[in-house]
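Enquirer: from the sequence below, what's the structure:
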Amino acid sequence: MDQLQAGWEVMRDKTLRKHFPFENFRRGMAFAQKIALLAEQENHHPDLCIHYTGVDVELSTHVIGGLSVNDFIMAAKIEHI
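Expert: This next block holds a predicted model:
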């Protein structure tokens, strides 16, 4: 957890969350699409909430009802998008 990039929050010890700001809706949608492609490759699907000027990303491993190593790996990969 010490290696999380700035802005990621651990929520209730069950979810990783970060807001990614964008200057417009189109850029946020493009970012969300890149996350969707990565999620399919990794078979690890975050919850995405797309706003007019940002995207909220939440990661959790649903089958265990909390956080796993895969959530932290996915967060790191999303940072590289």
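Enquirer: which residues touch Ile73?
Expert: By C-beta atoms under 8 Å, 6 or more residues apart in numbering, the contact list for Ile73 reads Glu42. C-beta here means a position set from N, CA and C on the backbone, and glycine is covered the same way.
Enquirer: how far away is it from Leu67?
Expert: To Leu67, Ile73 is 11 Å away according to C-beta to C-beta, to the nearest Å.
Enquirer: three-state assignment of Glu58?
Expert: strand (DSSP: H, G, I helix; E, B strand; the rest coil).
Enquirer: that one and Glu23: what is the separation?
Expert: Glu58 is 22 Å from Glu23, by C-beta to C-beta.
Enquirer: looking at the two, which is more packed in?
Expert: Glu58 (16 against 9; other C-beta atoms under 10 Å).
Enquirer: find the nearest non-adjacent residue to that one, please.
Expert: Spatial nearest neighbour of Glu58, chain neighbours left out: Asp47 (4.3 Å); criterion: C-beta to C-beta, 6 or more residues apart in numbering.
Enquirer: again, but for Glu79
Expert: Nearest one to Glu79, counting by C-beta to C-beta, 6+ apart, is Gln5 at 4.7 Å.
Enquirer: could I get the phi/psi values of that neighbour?
Expert: The phi/psi pair for Gln5 (degrees, to the nearest 10) reads phi -70, psi 160.
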